Every structure is written in structure tokens, then in C-alpha cells.
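Peer 1: this one's structure only:
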């Protein structure tokens, strides 16, 4: 089945700096890669996702890149702000009915220092 | 308002006492899922359902049951809870397997 590894587990940056979180996956058939943000005491919420037919997607200060050959994808946050502090989860999934459903990484706790 | 609701939000119970956590969505989503969240382990899938009467095991199904008799509801049943099921539980729904998942507010369960 699919296995998703996420690094680093914690990340501390200064406000205005960039933050990068990386994930690797094991199943080459995976074709959907979402990123979720979970603020303290809240539910996870989707911030960006990418499908395997594109290599990069950007939404304002957030971007995701995908390298299918190497089976890894990354979240990039530029010009970080204190409100970006949260736990971020990557995940991998694939279309079609099979026994390998959505798998999440263990999460990265991002702290943005003012 | 489009939403996923869970009840109860907090529950303290004792070992062996059967309990049900309800989950309901009003978005007509076909796909629903249950996760447990434990420190350092991220979100681990317990069960998922692709549609009414179609359910499948996720990564950690032992000790749990689910049912999907109606499209909007996906209850999680713990027949005989044990302390290792103490966790934060999230229900989620989406239009399909590879669509945005909308999470419920979470249920914090403590089994003594």
C-alpha cells in the first residue's frame, strides 16, 4: 500500500522568510496530492492540491511542486506570516477503486516567529 | 451552510462500554471517511465509504465498525472501547476520492 513520509517534523522560521516542507510517497500510481493546514484546536483544511498531470501549482504565497519520477512533492510558503503557524499535512491518493486510499504524512509543525 | 457535523465533540467513557460517534454531511458527497489523530502519527484512516452500502477498511480498522445506510450519515461504532482508542477522531467527506475533503470539528474520546 501507499506510504507517505513527511519532513521535517518541526520547522521554525522568521517572519518574511520562506518555508519548505517535503513529502515522499511510495506508490507510483498515486495521482492526487493535497496539502492540509490544521491550526491549533481546529480541523484540517485544504490549502492547495496538485494532480499528477502538472508539475507545479501556485496560489498567492503558497506553491506545490511535484516530481513524479522521484516520487516526491513539496509545499513552499513564501513571505511567511505569524498566521501561517500551524501543522501542515501532506497526503497522497489515487483515482479508482482499490485498497490504497488516502494516506497522510505525519505532519509538520510550522512556527513563524514575528 | 455546507458542513460536516460530528457528535459528541467530547466523550469520556470506560473500557467495554459500546459507543457511537455520529457524522453527517449536507453536501451530497459520495465519499466519507473516518480518521484518528494521535501525536506524531498524523491522520490515520480507520474506514472509508465510496457510497451508500459500500465501506472499506483503512489503515487502522481494528476495534471499529461503520455503516453507510444513507448518503449523509456515516457513524463510527466502538463495540468494546479500550484505552488505546483514546484519540481525536475526525470525520470527512468529499465528492470523490480525489476531491477536497471537508473535515468535521473532531471528537475527542477518552477511554478509561
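Peer 2: Sure thing, it's come through. This one's a predicted model, so the numbers in the text were calculated from it and none came from an experiment.
Peer 1: are the strand ranked longest in chain B and chain A in contact anywhere?
Peer 2: Longest strand of chain B, by residue count under DSSP state E: strand B:42-51. Yes - using CB under 8 Å from any CB of the partner chain, strand B:42-51 reaches chain A at B:42, B:43, B:44, B:45, B:48, B:50. Any C-beta I mention is one placed from the backbone N, CA and C, and that applies to glycine too.
Peer 1: excluding covalently adjacent residues, which one is nearest to the first one?
Peer 2: Counting by CB to CB, 6 or more residues apart in numbering or on different chains, residue A:106 is the residue found nearest to residue B:42 once chain neighbours are left out, at 4.1 Å.
Peer 1: and the pLDDT at the one you found?
Peer 2: Note on residue A:106: pLDDT of 94.
Peer 1: flag every residue of chain B that's near chain A.
Peer 2: So chain B meets chain A at B:33, B:35, B:40-45, B:48, B:50, B:56, B:58-59, B:90, B:96-98, B:100-101, B:103-106 (CB under 8 Å from any CB).
Peer 1: what ranges does the chain have for its strands?
Peer 2: You didn't say which chain, so I picked chain A. Assigned by DSSP E, chain A shows strands spanning A:4-7, A:10-14, A:19-25, A:32-38, A:45-51, A:56-59, A:62-67, A:72-77, A:86-92, A:103-104, A:108-113.
Peer 1: wait, I meant chain B there
Peer 2: If DSSP E is used as the criterion, the strands of chain B fall at B:4-7, B:10-13, B:19-25, B:31-38, B:42-51, B:54-57, B:65-66, B:76-78, B:87-94, B:102-103, B:107-111.
Peer 1: redo those strands as a markdown table? Include mean neighbour count and mean pLDDT.
Peer 2: Below are the strands of chain B laid out as a markdown table (neighbours: other CB atoms under 10 Å in any protein chain shown; pLDDT from 0 to 100):
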| stretch | mean neighbour count | mean pLDDT |
| --- | --- | --- |
| strand B:4-7 | 18 | 97 |
| strand B:10-13 | 13 | 97 |
| strand B:19-25 | 19 | 98 |
| strand B:31-38 | 23 | 96 |
| strand B:42-51 | 21 | 93 |
| strand B:54-57 | 15 | 92 |
| strand B:65-66 | 18 | 98 |
| strand B:76-78 | 19 | 98 |
| strand B:87-94 | 23 | 97 |
| strand B:102-103 | 21 | 96 |
| strand B:107-111 | 18 | 98 |
